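*Asks:* here's a sequence, model it:
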Amino acid sequence: MDFVKMEGLGNDFVVLRGPASPAAADVAAWCDRRRGIGADGLLVVTSLGADRVRMEYWNADGSPAEMCGNGLRCVGRFAVLEGLASGPGLLVETPVGELPVTVPAEGPVRALVGRFAEAPVAPLDLAGYHLESVTVGNPHAVAFVDDCYSVPVAAVGPIVAGDPHFPQRTNVGFATVVSSQRLDLRVWERGAGETLACGTGAAAAAGLAHRRGLTGPRVTVMLPGGPLEIEIEGDRVWMEGPARAVFRGSM
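*Replies:* This next block holds a predicted model:
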């Protein structure tokens, strides 16, 4: 089976051409960084016709997820590289709807992450942090903190993610408002742990910060893996950032 290893801001993926329905154990084995290829998750990209593809995503532990922002940009780049779309514009079918992606020959990829909404879970205090639940197609709990770099994400993330308030688990973001145009962010992703970047996490934090009047509609979200540009347009959240193929292989 041929694959392409891809990354967006250090959030890395094994990417397969579909259709394919891998077992959870296989996904976990492929994503293992010592005994497999190594990745934060698996993407399967299936052609649906001219300039339309379907995206399916599994976390590194083999669990399926509704959406992945950095993965979405990588899917767009993969589709153009593999000739599944002529580019630069294409539509990606996801479990949260069809999302437009623009893939230039060079430079950052722009995509609609999804629609921002505050989740029905009321704000709550867990592990010493005040968390607000939102969704951009997948669930996020966001805490605004003075310094996200001092947060023990590896300890707090799994406590929040596995709390009974989140029966499907949740992604957990710790955001610091640096200015009206910049957020710093670290994210614990369910099924993967802390990653270098989380596209939907950036969208969730930026959407909530804008809703609270803390930032404007355009914001740079600085993640450990680098900056992601976020634009809020009503309840729609757009992102722009890198997506590249790292290497090809077979397994």
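
*Asks:* when you work out contacts or count neighbours from here on, use the C-alpha atoms and nothing else.
*Replies:* Noted.

*Asks:* now I232, nearest residue through space, not along the chain?
*Replies:* In space, and not counting its chain neighbours, I232 is closest to P217: 4.8 Å by Cα to Cα, 6 or more residues apart in numbering.

*Asks:* OK, contacts around the one you found?
*Replies:* 210, 231-233 (Cα atoms under 8 Å, 6 or more residues apart in numbering).

*Asks:* tell me who's in contact with the closest residue to E229 other than its chain neighbours.
*Replies:* Of all residues not flanking E229 in the chain, T220 sits nearest, at 4.7 Å (Cα to Cα, 6+ apart). When contacts are counted by Cα under 8 Å, 6+ apart, T220 touches 181-183, 227-230.

*Asks:* got phi/psi on the nearest residue to E233 once chain neighbours are set aside?
*Replies:* Nearest in space to E233, with sequence neighbours left out and distances taken as Cα to Cα, 6+ apart, is P217 at 7.2 Å. Dihedral pair for P217: phi -70, psi -20, per degrees, to the nearest 10.

*Asks:* pLDDT score for P217?
*Replies:* pLDDT for P217: 97.

*Asks:* okay, it and S180: tell me how far apart.
*Replies:* Counting by Cα to Cα, to the nearest Å, the separation of P217 from S180 is 9 Å.

*Asks:* now M67
*Replies:* According to Cα to Cα, M67 and S180 sit 27 Å apart.

*Asks:* if we can go back for a sec, out of the contacts of P217, flag the one nearest to V27.
*Replies:* Nearest to V27 among the contacts of P217: E231, at 32.5 Å, using Cα to Cα.

*Asks:* what is the neighbour count of that closest one?
*Replies:* Under the neighbour criterion other Cα atoms under 10 Å, E231 is assigned a count of 19.

*Asks:* quick one: contacts for it?
*Replies:* 217-219, 237-239.

*Asks:* neighbours around G234, how many?
*Replies:* There are 10 residues near G234, going by other Cα under 10 Å.

*Asks:* quick check: mean pLDDT of stretch 122-130?
*Replies:* Here the average pLDDT along stretch 122-130 is 96.

*Asks:* contacts for it next, please.
*Replies:* Applying Cα under 8 Å, 6+ apart, the contact partners of stretch 122-130 are 131-133, 143-144, 156, 159-160.

*Asks:* tell me which two in the residues you listed are the farthest apart.
*Replies:* F144 and I159 (17.1 Å).

*Asks:* of the two, who's got more company?
*Replies:* F144 (21 against 14).

*Asks:* name the nearest residue to that one, sequence neighbours excluded.
*Replies:* In this structure, F144 finds its nearest non-sequential neighbour in A175, 4.8 Å apart by Cα to Cα, 6+ apart.

*Asks:* go on, E189?
*Replies:* The spatially closest residue to E189, leaving aside those adjacent along the chain, is N171, at 4.7 Å (Cα to Cα, 6+ apart).

*Asks:* which of the contacts of E231 count as buried?
*Replies:* Among these, the ones that count as buried by 16 or more other Cα atoms under 10 Å are 217-219, 237-239.

*Asks:* could I get these as CSV with secondary structure and distance to S47?
*Replies:* Formatted as CSV, these follow (DSSP: H, G, I helix; E, B strand; the rest coil; distance: Cα to Cα, whole Å):
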residue, secondary structure, distance to S47
P217, coil, 34
R218, strand, 32
V219, strand, 33
V237, strand, 25
W238, strand, 23
M239, strand, 23
